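S.K.: below: sequence and its predicted model.
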Amino acid sequence: MKPVQYAIAAFAVVFASACGTDTSSGTGLKCDADSTFAQIQQQIFETRGCTESACHGDAAQGDLDLQPERAYASLVNVEASSGDYMRVFPGEQDFSLLYQKVAAKTDGFDLGPLGISGGSMPTGDGVLSDEDLALLRAWIRGGAPETGIVAGSEKYATCDLQGDIAPNKIQPIPPPAVDEGVQFYSGGWDVPAQQEGEVCFVTYYDYSDQIPLELQVPCGVEQGGPDRSCFAYNEVLLAQDPQSHHSIVEFYVPPDSRPEQWDPMDESWQNWTCLGGANAGVGCTPGSDECGERSQCATAPETTVACISYSNGPDELGTVFGLFGAAEVRHNLATAQEATFREDYPPNVFSLMPVKGFVVWDSHAFNLTESDTSVEQWMNLEFAGAEEAIYPRHQIFDADDLFGMGRIEAYSSAEACGSFTIPQYGRLLTLSTHTHRFGKEFNVWYPPNKACDNDEPGNECGRPAGDPDYQSFDYADPLYQRFAGDSIKTFDSPNPEDRTFSYCAFWDNGESNPSEVRRESLKPDAETCAFVDAIAPLAQAGGFEVFSCGCPPEERSCFGGPSQGMACNGDDSVCGEGGICDACPVGGGVTTEEEMFLLLGSYYVKTPSL
């Protein structure tokens, strides 16, 4: 499915005062909402006059009806007709036309560069407040549910929202038309209340009869060789439940020496079971539909990090190199740091995938609510014709200094830097970054820069002079820079410095705000912690210090009280009245309470014709 466009028709002058007028002073704001969406209905749509009959009430201007009984169905997952948007795309405000229209007026930006026609909203003199806009954003990022209270939305509501915070769930995204693309569904893995986890599992697919023969091409070496059939694609759209911290989706290709592993019934594949739905936990045949609605036949999920040591698949699938994006048998489809991931390739850029094979799902999520939930994912790939398959798309996953922040003591901060050199004739398509919750700022400087290496004495990486070209301040919503058309950045120089990006991240472990220091008592309740405890000694033997959940008594210092910051060795009495021995250092690890340092993105190489 390629979201097409939507524009709310320009309002007639006679209706201008009816649409966008703040009616709250005359009628009083209702305060009986039992969900975040109901609060949006009252606080925004009704208060701003959007439901007036001449606006998006009975008149349904622009075919948009915002009356309570019809608003949700009129908004969520409804194709738009202006720009490349949905009216509301669950999980991502940047793909939601409604949000872009109202944000343009509140924040004062131009819709033209976003490919959106028409004016901002609401029309007339009305404008959404910062709180209104934040409420709408929180609802969208929380999956845009029709019922339930989305975490964080209560901070921006003008009335008290009553009830428990609901786990974030999204509506399934529509699949592409059968002659335009394919959809992959993960099934749902369980995330109990108040827990965090990371799991790995594999699904099998066979689209050889669905994909038109004219769109099937010989595979490349990485996809299994020319004796196998592949399809080319040029658009990826991944949507997942918003409690996900990250999802890395790849396809698996057996080594040449193990051709039998292309068969999902080979003994190297174990424990095929239904994920989610009424048949959850029941054994199943891979590739079949016997699991039923909202379920998928998959190898049983296991707690791992980057699929390391995953036991329900071939040994080489579980290589430790997966942590660094360098597993030879796994090839990237999508790397999502939030509920959605979308990448539209420019003309003639493509990726290849076998028409039948295995999808590897590495999913990390946390559930901060009091209710058990699950994480589901849907991924759409749009076909590219053979004539469009000229330049392969390449991933940027620069993990050379993954744990480069080192050890950051309680109530202190640290900065780490690195560099990445794009190949000659590279064309930058996307750029993003990744840290965990102590990462407060991530900066990138475009070329020219000198390449650096933190393992090479005298060539360590440092912060460049000048202002950065990329700045991101929210680890949970990192900035994505997307380049298309004339904005695609080109790097043709033979000089590496002209193609080298420098990047730095800054972590704060309670130095500026002591209440945010890492704490033993707040460590996640996660099976992942036990997994990390088991592999940490092996990692340290290999030269990597991996922090596990929490910290031992000898590393703790006082939190609160007159002796805050003093070493306390697990003894609360050292900390004095109001203090506890609870503060911890932070360093490289895998849960959101430890840290990572990654540059992410994509590019292609346009070698000059000879």
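M.R.: Cool, the structure landed.
S.K.: residues touching the closest residue to residue 477 other than its chain neighbours, list them.
M.R.: Nearest residue to residue 477, sequence neighbours excluded (CB to CB, 6 or more residues apart in numbering): residue 338, at 6.2 Å. The C-beta positions use only the backbone N, C-alpha and C, and glycine is treated the same way. Counting by CB atoms under 8 Å, 6 or more residues apart in numbering, residue 338 makes contact with 91, 92, 141, 242, 244, 476, 477, 478.
S.K.: quick check: residue 444 is in a helix.
M.R.: No: using DSSP: H, G, I helix; E, B strand; the rest coil, the assignment for residue 444 is strand, not a helix.
S.K.: excluding chain neighbours, give the residue nearest to residue 228 in space.
M.R.: Closest to residue 228 by CB to CB, 6+ apart is residue 219, at 4.4 Å.
S.K.: tell me the contacts of the one you found?
M.R.: 225, 226, 227, 228, 229, 230, 352, 354.
S.K.: and it, its phi and psi?
M.R.: phi -70, psi 160 (degrees, to the nearest 10).
S.K.: could you do the one 5 residues further on as well?
M.R.: In this entry, residue 224 is assigned phi and psi values of phi 120, psi 0 (degrees, to the nearest 10).
S.K.: one more: the one 4 residues further on?
M.R.: As for residue 228, its main-chain torsions (degrees, to the nearest 10) stand at phi -110, psi 160.
S.K.: just flag the most distant two among the contacts of residue 219.
M.R.: Using CB to CB, these span at most 14.2 Å, a distance reached by 227 and 352.
S.K.: and the two? Which one has more around it.
M.R.: residue 352 (21 against 7; other CB atoms under 10 Å).
S.K.: nearest residue to that one in space, please, no chain neighbours.
M.R.: residue 230 (4.5 Å).
S.K.: distance between the helix or strand containing the one you found and the chain's centre?
M.R.: Assessed by DSSP states H and E, residue 230 sits inside strand 229-240. In terms of CA atoms, centre = their mean, to the nearest Å, the centre of strand 229-240 is found 16 Å from the chain centre.
S.K.: and the next element down the chain from that strand?
M.R.: strand 244-252.
S.K.: and that next one with strand 229-240, angle?
M.R.: 170 degrees (axes from the mean of the first three to the mean of the last three CA atoms, to 10 degrees).
S.K.: residues making contact with strand 244-252?
M.R.: For strand 244-252, contacts defined as CB under 8 Å, 6+ apart pick out 184, 196, 202, 223, 238, 240, 306, 313-314, 317, 327, 329-339, 341, 353-354, 357-366, 375, 377, 379, 434, 592.
S.K.: give the partner strands of it in its sheet and their orientations.
M.R.: With DSSP bridges as the criterion, the sheet partners recorded for strand 244-252 are strand 330-336 (antiparallel), strand 356-367 (antiparallel).
S.K.: closest to residue 281 out of the ones you listed?
M.R.: Here strand 356-367 is closest among the strands paired with strand 244-252 (CB to CB), at 17.5 Å.
S.K.: quick one: distance of the helix or strand following the closest one to the chain centre.
M.R.: Per DSSP H and E, strand 356-367 leads on to strand 373-375 as the next helix or strand towards the C-terminus. Offset of strand 373-375 from its chain centre (CA atoms, centre = their mean): 16 Å.
S.K.: got it, and stretch 34-53?
M.R.: 29 Å.
S.K.: alpha carbons only: can I get it in PDB?
M.R.: C-alpha atoms of stretch 34-53 as PDB (Å, rounded to 0.1, in the frame of the first residue of the first chain):
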ATOM      1  CA  ASP A  34     -13.100   8.200  29.300                       C
ATOM      2  CA  SER A  35     -10.400   7.800  26.700                       C
ATOM      3  CA  THR A  36      -7.700   9.900  25.100                       C
ATOM      4  CA  PHE A  37      -9.600  10.000  21.800                       C
ATOM      5  CA  ALA A  38     -12.800  11.100  23.600                       C
ATOM      6  CA  GLN A  39     -10.700  13.900  25.200                       C
ATOM      7  CA  ILE A  40      -9.400  15.000  21.800                       C
ATOM      8  CA  GLN A  41     -13.000  15.000  20.500                       C
ATOM      9  CA  GLN A  42     -14.000  17.400  23.300                       C
ATOM     10  CA  GLN A  43     -10.900  19.400  23.900                       C
ATOM     11  CA  ILE A  44     -10.000  20.000  20.200                       C
ATOM     12  CA  PHE A  45     -12.700  19.100  17.700                       C
ATOM     13  CA  GLU A  46     -15.700  20.400  19.600                       C
ATOM     14  CA  THR A  47     -14.000  23.300  21.400                       C
ATOM     15  CA  ARG A  48     -12.400  24.600  18.100                       C
ATOM     16  CA  GLY A  49     -15.700  24.400  16.200                       C
ATOM     17  CA  CYS A  50     -14.600  21.600  14.000                       C
ATOM     18  CA  THR A  51     -17.800  19.700  14.500                       C
ATOM     19  CA  GLU A  52     -20.100  22.600  13.500                       C
ATOM     20  CA  SER A  53     -22.500  21.600  10.800                       C
END
